[in-house]
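**Q** the following comprises the amino acid sequence and a computationally predicted model.
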Amino acid sequence: MLSQYKRGLDRNKQVMYLAMMIIEVNDFFNVKGNMNAKQTKLTAELILDNDNFYDLTLGNIKACFRQKMMSEKIYDRLDGNIIIGWLREFKSEMADSCENASIGRERAKQREEVSGNAGAITHTAYLAMLEARANDGDKEAQQILDDYKQRAKIPTLEEQHRKKVEFFKFKAQYDRNKKLREDADKNTKAGGH
């Protein structure tokens, strides 16, 4: 975390490491108004001195910058205000994510207490619980289900039926072609004798 980072290194090294990350962002975006060395150093100092960022790690900052490099479209300028705004937004999103995870754990604990099920549950029961939570409007549960379905690529009943029909059509065509080849082979052998 920046608070530990600030205690472990002298000020010049702290500024240098943050400035290197900012330079990477600066180099990535090709805009008319890129940051100069003085602006980069000042932005690094402002980030270090901002009490709101004390709990961010260098990894968090790098992740924020990489995320913005992948998603932002900057056309005319890149400056310290934009970078600090990104960090504020990132920190807010992290807080929301932590709060949602905490709420989700609390809900799960309450459900466990209500059901009296202190042990493990089956995979099927877990999926059913997620479905119920998602149907109740729990966005976290819906996201977990969506991620699971994407990874598992669970086909719908319609897709399963369509695949079976396609397989039977393929098999029927294969059997017809095989029969035609066998008949042709018999005719060739019969005609050749």
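**A** Nice, thanks for sending it over. Numbers count the residues shown, from 1 in each chain.

**Q** count of residues packed around residue 127?
**A** Residues near residue 127, counting by other CB atoms under 10 Å, number 16. The C-beta positions use only the backbone N, C-alpha and C, and glycine is treated the same way.

**Q** just checking, what packs against the helix or strand hosting it?
**A** Here residue 127 sits within helix 123-135, counting by DSSP states H and E. Packed against helix 123-135, as judged by 3 or more CB pairs under 8 Å, 6 or more residues apart in numbering; DSSP states H and E, are the following elements: helix 139-152.

**Q** can you give me the buried ones in the helix or strand residue 38 falls within?
**A** Using DSSP H and E, residue 38 falls within helix 37-49. Of all the residues in helix 37-49, those buried under the rule 16 or more other CB atoms under 10 Å are 39-41, 43-48.

**Q** report the central residue of this protein.
**A** Closest to where the C-alpha atoms of the chain average out (CA atoms, centre = their mean) is residue 147, at 9.0 Å.

**Q** and it, what does it touch?
**A** By CB atoms under 8 Å, 6 or more residues apart in numbering, the contact list for residue 147 is empty.

**Q** buried ones in the one helix or strand residue 185 maps to?
**A** Under the criterion of DSSP H and E, residue 185 resides in helix 157-192. Using 16+ other CB under 10 Å as the test for burial, helix 157-192 gives no buried residues.

**Q** how far off centre is it?
**A** Its chain's C-alpha centre and that of helix 157-192 lie 45 Å apart, by CA atoms, centre = their mean, to the nearest Å.

**Q** which secondary structure element of this protein has the lowest mean pLDDT?
**A** Within the chain, judged by mean pLDDT, DSSP states H and E, the helix or strand with the poorest mean is helix 2-8; its value is a mean of 71.

**Q** no further questions, thank you.
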